[in-house]
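Asks: only the shape, not the letters, is given here:
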């Protein structure tokens, strides 16, 4: 919501409260500096919420302007020098402002400083005190000459004169470098011949003064912008070249930057101020302190609101992430339940019940074999090397398969490991029942291994089968084996 801007148009005879909201202007009845006028103004202040910003627009006849050339300085020295000159020039009023016009191009290049003041504080102070007492914030004090400098065309670099009517009378202002050097306000006569000066007389008198003070050059003629209003009684196509030889007057019906309503100079001033709120201030720093505090408080409130909005945005983002995670969890749970249902249906189709007992016994047996292998002092490498040495002396023997294993402890005299040798089919001599010499030689060599027993079988002999006698074979050495004879060697514990 846009806050209203309250502008108090002040003249030497009255104060007119005005309110501007989104380009819409509301002008209240004028309040004279009497008991009735002050009461009316206090009622206006009470009708607005506390803390409203009130800006005073002064249109006074005795506004003073003075240009000084001061030695160039910076920082504290410059502030002290400006304060001394202000006290010397306008020590009786606190409503003073200073504007720098830059340094002189020649000589010592002193700084050109413009001092402007509202010399009669008694006209301003009663209204300002009531604004503060009502709990409102003084938004500053500016004047019509500093406000109308925005009507000066940008293409004019030298001095220029602006003449226009205001509710207080006819004002002639001289501008140089965008700042007012001179301004005079006079009351207008209703018609020629009546008491009071006409605007033509006032324009000639102001031009002569500025020429005599060498503020305006005598050649070429100084450009003058005359704002046409009904109070002047002038037609737009009037020829004013003979009004003064040192002035080049141009009539302007629609001022640049001001959409003034016909017949209402006050609307034009309000329009300019609403578009250019940051005008130079006549108000002392003590009066503007509350406004600065309000600005800081508003900035802090905006920052706090921005922080709250940022936290709310982060919270909404986190809530969205939590919602997504919850949906993902529900999806995974639904998938898990579907898989469980499929597994249950599959078990029902197979009509098999899990029997973990045989699998458990097998796992225990495998675990015991693994522990025995881990605790064994040696592996099959030594036994296989000894067998390779024997076979190297019996090249006629062909080995089909070897089975070396570590045997779990069954009893006190049980074997620790076994080696089963499966030999290829023997030659034709075995058909006559005679054991071939290579096989007999292999048996004799194996019996010479210490702490072993050797068996010859007609197939694969289980490692757990008992031996008939330590160091002997199970059958006669001359017995003929079958097509695939096997020899089993067991290592017995030491006696």
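Replies: Nice, thanks for sending it over. Owing to the predicted nature of the structure, the values given are computational and were not obtained by experimental measurement.

Asks: so who does residue 419 touch?
Replies: Residue 419 sits next to 380, 383, 387, 402-404, 488-489 when contact means Cβ atoms under 8 Å, 6 or more residues apart in numbering. All C-beta spots, glycine's among them, are computed from the backbone N, C-alpha and C.

Asks: in three-state terms, how would it be classified?
Replies: When the structure is reduced to helix, strand and coil (DSSP: H, G, I helix; E, B strand; the rest coil), residue 419 reads as strand.

Asks: quick check: bridge partners of it?
Replies: Residue 419 has these beta-bridge partners by DSSP bridges: residue 404, residue 489.

Asks: could I have the buried ones of the contacts of residue 419 as PyMOL selection syntax?
Replies: Here is the PyMOL selection string for the buried members of the contacts of residue 419, based on 16 or more other Cβ atoms under 10 Å:
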select buried, resi 383+387+404+488+489
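
Asks: for burial, what's the neighbour tally of residue 4?
Replies: Neighbour count of residue 4, defined by other Cβ atoms under 10 Å: 16.

Asks: could you check how far it is from residue 134?
Replies: Distance, residue 4 to residue 134, using Cβ to Cβ, to the nearest Å: 15 Å.

Asks: from residue 64, how far off is residue 101?
Replies: Between residue 101 and residue 64 the distance is 16 Å, computed by Cβ to Cβ.

Asks: can you give me the helices for the stretch 301-450 of the chain?
Replies: Counting by DSSP state H, counting those that start in this stretch, one finds helices in the stretch 301-450 of the chain at the ranges 356-375, 381-392, 437-447.

Asks: out of those, deepest packed?
Replies: Highest mean neighbour count of the helices of the stretch 301-450 of the chain: helix 437-447, a mean of 17 (counted as mean count of other Cβ atoms under 10 Å).

Asks: helices or strands up against the next helix or strand after that helix?
Replies: Going down the chain from helix 437-447, the next helix or strand is strand 452-457, by DSSP states H and E. For strand 452-457, the contact count by 3 or more Cβ pairs under 8 Å, 6 or more residues apart in numbering; DSSP states H and E identifies helix 437-447, strand 486-491 as packing neighbours.

Asks: between the last one and helix 381-392, how big is the angle?
Replies: The one in question is strand 486-491. With axes from the mean of the first three to the mean of the last three Cα atoms, to 10 degrees as the basis, strand 486-491 and helix 381-392 are set at 140 degrees to each other.

Asks: next one: strand 486-491 to chain centre, how far?
Replies: Strand 486-491 has its average C-alpha position 84 Å from the chain's average C-alpha position, going by Cα atoms, centre = their mean, to the nearest Å.

Asks: packing partners for it?
Replies: strand 417-423, helix 437-447, strand 452-457.

Asks: nearest to residue 392, of the ones you listed?
Replies: Among those, helix 437-447 comes nearest to residue 392, with 10.9 Å by Cβ to Cβ.

Asks: quick one: neighbours of residue 315, just the number.
Replies: Here the number of neighbours of residue 315 (other Cβ under 10 Å) works out to 10.

Asks: any stretches of the chain with poor pLDDT?
Replies: 1, 189-197, 254-263, 288-298, 350-358, 372-378, 408-414, 426-436, 458-484, 494-495 (pLDDT under 70).

Asks: domains of it?
Replies: Domains of the chain are assigned by automatic domain parsing as 1-63+118-143+259-313, 154-255, 379-491.

Asks: right, and those - which one's nearest residue 79?
Replies: Nearest of the domains of the chain (Cβ to Cβ): domain 1-63+118-143+259-313, 11.8 Å.
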